[in-house]
Structure formats: structure tokens, C-alpha cells
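Student: Generate a structure from the sequence data that follows.
(chains A and B)
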Amino acid sequence: MAAVEAYNITHRYGKVTALDDVSFTVDDGELFGFIGPDGAGKTTLFRIAVTLIIPSGGRMTLFGLNTVNNYRELRNLIGYMPGKFSLYQDLSVEENLNFYATVFGTTLKENYHLIEPIYKQIEPYKKRIAGKLSGGMKQKLALSCALIHKPKILILDEPTTGVDAVSRTEFWEMLSGLKHEGITIVVSTPYMDEALRCDRIALIQSGKILGINTPDNIRRSYSQKLYAVRYPDKYKLLTSLRSLPLAPCPMPIAPCSEPYTLSPEPFGDSVHITLPEGTKPEEILKALETAGLPGATITEIVPGIEDVFLELMKKDE
Amino acid sequence: MKKFMAFVKKEFQHIFRDYRTLIILFGLPAAQILIFGYAVRTDLTNAGIAVLDNAHDVVSAELITRINASEFFHIKYFLNTYDEIDPAFKKGKIKAVIIFPDDFAERLTREGNATVSIIADGSEGNNANLVTGYTTAILNDYSAGLTKQLTSAMPVIVPEVRMYFNPNLQSHFMFIPGIITLILILISALMTSVTIVREKEFGTMEVLLVSPLKPWQIILGKVAPYFFLSLVNVIVILLMAWFVFDLPVKGSISLLIAECMLYILLGLSIGILISASVEKIMNAIFISALGLMLPTLLLSGFIFPIENMPKIYDYVSLFLPPRWFVEIMRSIMIKGAGFMYVWKGTLILAAMTLFFMLLSARKFKVRLEEGGK
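Tutor: Numbering: from 1, shown residues only, chains lettered A, B, ... in the order given. Here you go, the predicted model:
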């Protein structure tokens, strides 16, 4: 049985459509990622999944249980980590954990093995109040709290936002560990590099799913050859590329560790471009040289998730 | 039940770790009592008074000497006519005027009793009571001495007390019931709405809703500590009223506590209703302060007598729980009234409680939203 099945989910806030006819399936035991910028509709979708919102239209089931009608039974199966770390800032690490354990009808001891790899790292600080923890430690505590009742499915809304790079890497390793325990994990993130860690990803933008596939297949779905152009003065390169008579709109790409952004700001160390039919890479270099940028380089590259995302977005428009 | 107790425990931890909450819970009632207590001084030394002696006989002279000799009074003016009383008061230097009638000694010996009029400045309610109290004591002391001397009848000097400016001494002792009303609405409605909305604002409500906790467990768990602490506060205020201001509860304590419980329940259900309607702590505070504290202060009769208000406010106040509660508290505490005298107010409060409970139960959602339009 599929862990999550969503059929034509639509949700509106007044006149704003947050989700527009979203359908997808998450298999049991899968690590499934929703990738998209802020405001794409990820949080709304997750809140519908955890029974907190009744969608305007469509239907979603988790393990065959409807999120609207069977929400009581369902709530026992879900481990949910909202976008804001839902911790009591004035309670200590231990008290937070014990509270959530009792509320979910279990004890810290009972499921200790499940949270051990995560909790061990923050256990030395168990007397510290949650408000005084670092972002990474808060995240680990929140995950421990979401896991304490041994849920069948973990739903994590942007768990790595606002957390340092090392903690983010550690966090994804923990998720892999949990996946081996047989827990289905649905996670959302605005970071493209994290997408590669998922079994399958859904690209979501403006309430619509642009594509669902494995990260590799997503990357392969890029329809054209992609080139990276490099030049020391990137701003000049970008404006020159834009004004070239034959060049299509260049796509500056953020380095993987930077938050993904849709606006074409010149950062990263290269500018990604695709070439129009019949244009050769050398012609670009020649054109750049006449425009006063000698010594620029161009190389063909494997498209990243971002590239696909941008291409799908353009198609969607 | 275990889940519920864990919830209540957590709530207590929140309360005892947040010094601001503690200040509001315990500092505020104490401060209010003391501020009022300080403003309403209970000891009287060298209070200026005036004497209008129409008798000019031995007894009145003796009494005037005694009054002036006491540490409580200091005679500032000797008046000659009644017309001088008003200017003397208006100058504000005296707390009371003591008047001896012209046939004072004669009546006392012939009829066995005579009247001394005491006119006290009613605008300072507490002082007025003290002045009349002390004067009466001096008069009684004197007549007790006379009784021993004269074996015939029982000569009694009857003090006839009148208040100047505020004949019924309205504001006096009103503040303890008023403070209880204010504190209870503050703790039960404001604090509970804030504590529930805080869970919303910090995102913990999302997880609580997704947890197997039932909504009533969440709500009861949040309000139970405040119910308990409100009761503790009532008892502290009553004890302070008794020991600091010498105002014991005249009526039945258990009836008083029961009425307080009803009022706390009412406050809690209003608090829950507020919390169900807003998303931000600031809004909850704003609504509670503006919507509950101000009417309690202004329209309940706590500070301004309802009788003196324009009729329209009188009608408006009928819909305000504090008005009924202040009335009930006064009846029980000061007049010593039993349930028979307060049943109407109690019934109205109970109906209001039921109304707000049903409304907040309806408004409390098991979800964040119920679907868009």
C-alpha cells in the first residue's frame, strides 16, 4: 500500500490559490522530497497531509486513512515537524522530550533506540532549556520529539532551514538512518542540493507540481545541452550574454550551498546557458571577445536540479 | 489521564519559569491591595476637626477637652454658627465637625440621653469612618463614666453621624470586591487566552493538534492551573483584606468561594473564546485589556457608582459579568448576605458562563483551517 496518496488537491486562501490540482503518491518506506521556493505551497500541502487543514478540493489518504474523515486514527501514525521548531522554549531538552512522549502515550525509555543516534548528540545538554540551544540542536530535539512515538510516517516541513551546513549534512544522514528503520519520510526543502538525498522528488512551484521523479531522472529530463560560461567579471559576463544577438536568456546559478532563488541575480562562479539550434559554443566565445570579454571559457555540463527547475518553470509559464 | 496530568505539569512549569507571568499572577494582586491600602490609610493621628458648641455647658466643655486631648484629634476651629460648617469643610483642613445641641447637659441629666452630631467628610470614605468611630468611642467612654457616677438612669450620649459630600459613603470598602473582580478576570481571561495563543504563535499548537490529545484535554490542561492559581489569589486577597484592612468576610466563606469559582469559570471560557479567535499574543492582550479590564474598572461599579452614571451605561453594564459579580461580592463580604440575596446575579453569571463555554467549544478547532472557499 502506498504511504501517501493525493488526488487533485486544491487549496485556496480567499482568492489566492495555494495548491492547484496536486496529485502524487509516496511509496511505503520512501524518502520523498518536495523541492520548491518559499511560497510554493509546501507548508499548505504538509498541513493538509497532517490533518491540520481540510483542502478546498481533492482528497488525500495516508496508509489508506483519509486526512479529513479518519484524522483521529491518522494522528497516531504521524510524526510531524512544522516549519517552526515546535519546542517549548522555556522547558529543558529532557522536559520537552518527556512531555511529547507522554502526550503521545509512550515513554522516553520505550522508544529510546529509535531516537538514540539523534538524541545522543544533544543528551549532554539535556538540562538546558530549549530556547538556549543552537539551531542545529533545536532541529535534532524537534526531530527526536517527532519520532518519540515511533510514527509510521515522518512529515518534516523545511527541517534544515536556518541550520548550519554541518548540521544539515548530519540531519540528512539521520534521515537515511530512519529510512532503514522502515519509516516513510516526506520532507520539504528549498535547498536543491538536498534533493539528491531523496529517493524521489517533486518539484513544486506556485502550487503546482512541475515534475516527480528520482533526482537522477529529473536531471536527465533536461531537454537541451547545457553550458557553463566563466569569466572573472561575472556581472559583465551576464549583461554581455544578455545583449548578445543570438544568446538566449542566461541562467546564473547559485552554488549548491546557497539558498535557491528564482531571481536571476549574478552569483555563483558561472553562468549557465543553453544554445539556440545550430549555434556552436565557439561562436559564443567569439561574440564575447568582440564585446570586450576576451578569455572567457565555455564547457558543457551535466544539468543540476536547479537547471531542470528553471526549465520546467519557463515551460509552465 | 496521564497525558492530561503531563499537560498540566508542563503548564505549571511555564508559569513558574516566566517571571512576568508570576508578577502578574502574584505581584499584581499584592501591589493593588497595598496601593489601595496605602491610599486608604487606616490609622488616624491628629486629624483636624471643628467643634460647634451650642451648649456651652460643663458636659460639652468636658467632652471637648477629652476629644482635643486624644492623640487622634486636634481641634482647629471653634465654630459659632451652622453657616460656618460649609466653609470650614471646603477649606479642607478638617475631617469632621462635632456639634453639641444647646440643651445638651440638661437633656442628658433630665432625659438620660442626648445626641451629639458628627458630620464627617464623606469624600474620604475611610477617614470618615475612622473619625466617627473614634469620636463615638470617646463619647461612649465618657457616658460609661457617668453611668458609674449616677445611679439613677443610664445617661447615654447618642452620636448621630452624617456624611458630608457623600452621604452613603459609597466608595468605602468597595475596593476589595472590586480588586477580586479585576484580578480574576485578569488571570482567568487574559492569562489563559495569552497562554493558548502562545502555543499558536510558537507553532507548538500544530503539534499538539496532531497529537492524540483530545481538544478538551488541551484546553483543560491549559486552564486548570489558572483555575487553581486564581483560587489561591482569591484566598490571599481575602486574607489581606482581613488582616491588613480589618475587613473580614461577613457572609459565608464557602458561598463566597463558590461564587468566585463560577466567576473564574466564566473568565476562563471568555479567555478560551478570545484565544480561539486570534492568532497573535498582542491581539489577545489587546482584546482582554480593552474588552475586559476597562469595563471592569469603569462600568462594574467598582470605582464609579452605577447609580451616578447616565442610564444608558446602567443598561450596558447589565450585560457585563463584572457588574453582577461586584454586586454579589459586596453583598456577601460587606453585607453578609446569604444565597437568597444573590441568587439572581448568580443565575445570570451561570447563564453567561454556559453561553461562553458553548461558544468557545464551538469555536475551538481541531484543525488550523476548515478548507478555503
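Student: Mind pulling up the pLDDT for B:Ser298?
Tutor: I think there's a mix-up here, since residue B:298 is Leu and not Ser. The confidence metric pLDDT takes the value 79 at B:Leu298.
Student: swap that for A:Glu5, sorry
Tutor: For A:Glu5, the pLDDT comes out at 93.
Student: Ignoring the adjacent residues along the chain, who's closest to A:Leu175?
Tutor: A:Ile185 (5.7 Å; Cβ to Cβ, 6 or more residues apart in numbering or on different chains). Quick note: C-beta positions are derived from backbone N, CA and C, even for glycine.
Student: partner residues bridging the one you found?
Tutor: A:Leu31, A:Leu154 (DSSP bridges).
Student: From chain B, how far out is it?
Tutor: Per Cβ to the nearest Cβ, to the nearest Å, A:Ile185 is found 16 Å from chain B.
Student: wait, doesn't that residue sit right on A:Phe32?
Tutor: Yes. Counting by Cβ atoms under 8 Å, A:Ile185 does reach A:Phe32; the two are 6.9 Å apart.
Student: What's the local residue count around the residue nearest to A:Ile301 when sequence neighbours are not counted?
Tutor: Take A:Ile301 and drop its neighbours on the chain: the residue closest to it by Cβ to Cβ, 6+ apart is A:Ala228, 4.8 Å away. Other residues near A:Ala228 come to 17 when the count uses other Cβ atoms under 10 Å in any protein chain shown.
Student: helix/strand/coil for A:Ala228?
Tutor: Under DSSP: H, G, I helix; E, B strand; the rest coil, the three-state class of A:Ala228 is strand.
Student: list the contacts for it?
Tutor: A:253, A:270-272, A:298-299, A:301 (Cβ atoms under 8 Å, 6 or more residues apart in numbering or on different chains).
Student: ditto for B:Ile218
Tutor: Per Cβ under 8 Å, 6+ apart, neighbours of B:Ile218: B:7, B:208-209.
Student: how about whichever strand or helix holds it: buried residues?
Tutor: B:Ile218 belongs to helix B:215-245 when assigned by DSSP states H and E. The neighbour-count check on helix B:215-245 (16 or more other Cβ atoms under 10 Å in any protein chain shown) flags B:217-227, B:229-231, B:233-234, B:237-238, B:240-241, B:245 as buried.
Student: domains of the chain?
Tutor: In the absence of a named chain, chain A is used. Annotated domains of chain A cover A:4-219, A:222-316 [automatic domain parsing].
Student: not what I meant, chain B
Tutor: B:2-39+B:173-363, B:47-164.
Student: the strands in chain A, which residues?
Tutor: Applying DSSP state E to chain A gives strands spanning A:4-13, A:16-26, A:31-35, A:57-62, A:65-66, A:78-81, A:153-156, A:184-189, A:200-205, A:208-213, A:226-230, A:251-252, A:271-274, A:297-301.
Student: Go through the ones you listed and find the least confident stretch.
Tutor: strand A:251-252 (a mean of 51).
Student: Can you name the residue of the stretch 1-150 of chain B nearest to chain A?
Tutor: Here the residue of the stretch 1-150 of chain B nearest chain A is B:Ala6; by Cβ to the nearest Cβ that distance is 3.7 Å.
Student: any idea how far that residue is from A:Ala101?
Tutor: 9 Å (Cβ to Cβ, to the nearest Å).
Student: Could you check which of the two has the larger neighbour count?
Tutor: Between B:Ala6 and A:Ala101, counted using other Cβ under 10 Å, A:Ala101 has the larger neighbour count: 22 against 18.
Student: what residues are up against the more buried one?
Tutor: A:107-108, A:110-111, A:148-149.
Student: at 10 Å what do you get?
Tutor: Applying Cβ atoms under 10 Å, 6 or more residues apart in numbering or on different chains to A:Ala101 gives the contacts A:107-112, A:115, A:144-145, A:148-149, B:6.
Student: what does A:Ile209 give?
Tutor: A:6, A:9, A:19-24, A:34, A:36, A:40-41, A:45, A:202-203, A:312.
Student: same check, this time on B:Phe72
Tutor: B:Phe72 neighbours (Cβ under 10 Å, 6+ apart): B:43-47, B:49, B:95, B:130-131, B:133-135, B:137-138.
Student: ok, of those residues, which one's closest to B:Glu62?
Tutor: Each of those was checked against B:Glu62 using Cβ to Cβ; the closest is B:Ile138, at 10.8 Å.
Student: And stretch B:323-338, end to end?
Tutor: 18 Å (Cα to Cα, to the nearest Å).
Student: now it: mean pLDDT?
Tutor: So the average pLDDT for stretch B:323-338 ends up being 82.
Student: That one: how far from the chain's middle?
Tutor: Offset of stretch B:323-338 from its chain centre (Cα atoms, centre = their mean, to the nearest Å): 10 Å.
Student: which parts of it are buried?
Tutor: Going by neighbour count (16+ other Cβ under 10 Å), the buried part of stretch B:323-338 is B:323-334, B:337.
Student: neighbours of the residue in the stretch 201-317 of chain A that chain B sits nearest to, just the number please.
Tutor: Taking Cβ to the nearest Cβ as the measure, the point where the stretch 201-317 of chain A comes nearest chain B is A:Gly207, at 11.9 Å. Residues near A:Gly207, counting by other Cβ under 10 Å, number 23.
Student: residue contacts, it?
Tutor: A:9-12, A:16-22, A:36, A:39-42, A:44-45.
Student: change it to 7 Å
Tutor: A:17-20, A:41 (Cβ atoms under 7 Å, 6 or more residues apart in numbering or on different chains).
Student: Which of these has the largest number of neighbours?
Tutor: Ranking the contacts of A:Gly207 using other Cβ under 10 Å puts A:Leu19 first, with 29 neighbours.
Student: Contact partners for that one?
Tutor: By Cβ under 7 Å, 6+ apart, the neighbours of A:Leu19 are A:9-11, A:41, A:44-45, A:207.
Student: With A:Lys140 instead?
Tutor: A:Lys140 neighbours (Cβ under 7 Å, 6+ apart): A:118, A:121-122.
Student: again, only this time at 8 Å
Tutor: A:118-119, A:121-122, A:167, A:171, A:174.
Student: ditto for A:Thr106
Tutor: Counting by Cβ under 8 Å, 6+ apart, A:Thr106 touches A:148-150.
Student: which one of those sits closest to chain B?
Tutor: A:His149 (8.4 Å).
Student: which residues touch that closest one?
Tutor: Here A:His149 is in contact with A:76, A:79, A:100-101, A:104-106, A:111 (Cβ under 8 Å, 6+ apart).
Student: try it again with 6 Å
Tutor: By Cβ atoms under 6 Å, 6 or more residues apart in numbering or on different chains, A:His149 lies in contact with A:104, A:106.
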